[in-house]
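>>> just coords:
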Ligand code: UT7
C-alpha cells in the first residue's frame, strides 16, 4: 500500500516575556530604526527563568495534538528539531515525550539549526512512506536567548525563543489526496565557521575532579559573519526553491503559499521576488518573534493556518537556510 504524509494538526507557542527593540536599545548600542530597517524585526519573545526548550516544545505539541483531535497515546514517534536542547543528553525529545505523558515510542532530536524543521519533515516523511510510523509528532523548539551574547549587537538583536509543531499521519494514497510532495536537503560544512555557537565541553581529563556546579551550557554563544551568511542565504534559497519545484514537476506559479525560515525580511523578500511571488502569499512573522531557528518555519506555518489561509489542495513551499551551512525545502499539498 502506498501512503502519503499528511499534516493533520498544527500548533505554536511563544513565551510570555516580550523584549522590544526599544528595550534592547537600552542594553546595547543599537536602535529600533536600525533593527527594523536591516532585519524587519520589532520584538522577540524570551523564555522565563526555569522555562526549558522542552516546555516550549510540549506547549506547541499539545496544541497540535488538540488540533488533530488525538492524544499523545496515538503517536508512534516524536522528533524535536532544536539547537538549544535542555541538556547535552538525554534528548529534548525524550523530555517532551515525558512532559506530554507519552511512553514507549521512539523519540529523538534533529540538529540542523534553523533548517531543523525542514530536515525533520523530510526525515519523517521518508520514514512514514516506508511504513515505519503511522503518526509522528514533529516539533521545532528553541531557547535561542540562552546562547546569544547579549553584549554583541551584531547578533543579539536577531534571535528569539518559541516553538511550533505538526502532527503527521500516513494515509493511503487511494483514500485521500495531498500531503508532503517531496523535499530537497543540502549541507556544506566548509562554511561551518561563518555561523556557529562553539560549545566548549569541560575538558574533563581522566583522573581530574570535575566541578559539576559549572554550567557547561553557559559557555556557548552565537558568532556570525552576517554579511557572508546573508549573501549565501539569498543564493542558496533561490537555488533550492528552483530545485525542489523542478524535481517534483511543479511550476513556480502553482505555489500558493511560501513559508520561509524567518531570519531577515530582506532574505525573505529576495526569495519571494525570485519566485515572482506576491508578498501577501508569503508567511511573515520575523517582525513579531525574530529568528527562532528550528521553530521559525512551523511558527510561520501556524501563523497562516490560524488565520484560515490554507485551502484544500493549496501548494505550500517551506524553505530554510542555516548554520552548517545546511539548507533545504519541502513541498506540501494542503489536505487538512
Ligand atoms: O538563520 C539563518 C542565519 N542568519 C541569517 O540569515 C542572518 C544573515 N545576516 C543578516 O541578516 C544581516 O547581515 C545582518 C542583519 C546581521 C546585518 O545587516 P547588514 O546590512 O549586513 O549590516 P552590516 O553587517 O554590513 O553592518 C552595517 C553596520 C556596521 O557598522 P559600520 O561597520 O558600517 O560602521 C555594523 O557595525 O551596522 C552596524 N551594526 C549595527 N548598528 C546598530 C551591526 N549591528 C548593529 C545593530 N545596531 N544591532
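Received the coordinates, thanks. Please read these numbers as outputs of a predicted model, since none were measured by experiment.
>>> going by C-alpha atoms from here, please, whenever you check contacts or count neighbours.
OK.
>>> how about the secondary structure of whatever residue of the stretch 1-150 of the chain ends up closest to the ligand?
Proximity of the stretch 1-150 of the chain to the ligand (CA to the nearest ligand atom) peaks at residue 30, 3.6 Å away. Following DSSP: H, G, I helix; E, B strand; the rest coil, residue 30 is assigned to coil.
>>> just checking, it touches residue 154?
No. Assessed by CA atoms under 8 Å, residue 30 is found out of contact with residue 154, at 9.2 Å.
>>> related to what we said a few turns ago, so what's the residue of the stretch 1-150 of the chain closest to the ligand up against?
By CA atoms under 8 Å, 6 or more residues apart in numbering, the contact list for residue 30 reads 24, 153.
>>> again, but for residue 143
With CA under 8 Å, 6+ apart, residue 143 has these contacts: 46, 47, 52, 53, 84, 160, 161, 162, 292.
>>> per-residue confidence at it?
Listed pLDDT for residue 143 reads 97.
>>> next, count neighbours for whatever residue of the stretch 51-200 of the chain ends up closest to the ligand.
Nearest residue of the stretch 51-200 of the chain to the ligand: residue 154, at 3.8 Å (CA to the nearest ligand atom). Look at residue 154: counted by other CA atoms under 10 Å, it has 16 neighbours.
>>> flag every buried residue along stretch 83-93.
For stretch 83-93, burial by neighbour count (16 or more other CA atoms under 10 Å) applies to 83, 84, 85, 86, 91, 92, 93.
>>> what is the nearest of the residues you listed to residue 136?
Of all those, residue 136 sits closest to residue 93, with 12.1 Å by CA to CA.
>>> wait, the closest one sits on residue 78?
Yes. Using CA under 8 Å, residue 93 is in contact with residue 78, at 6.5 Å.
>>> which neighbours do these two have in common?
107, 108.
>>> longest helix of this structure?
helix 226-247 (DSSP state H).
>>> quick one: residues in contact with that helix.
By CA under 8 Å, 6+ apart, helix 226-247 touches 154, 182-184, 194-195, 251-252, 267, 270-271, 274-275, 319-321, 327-331.
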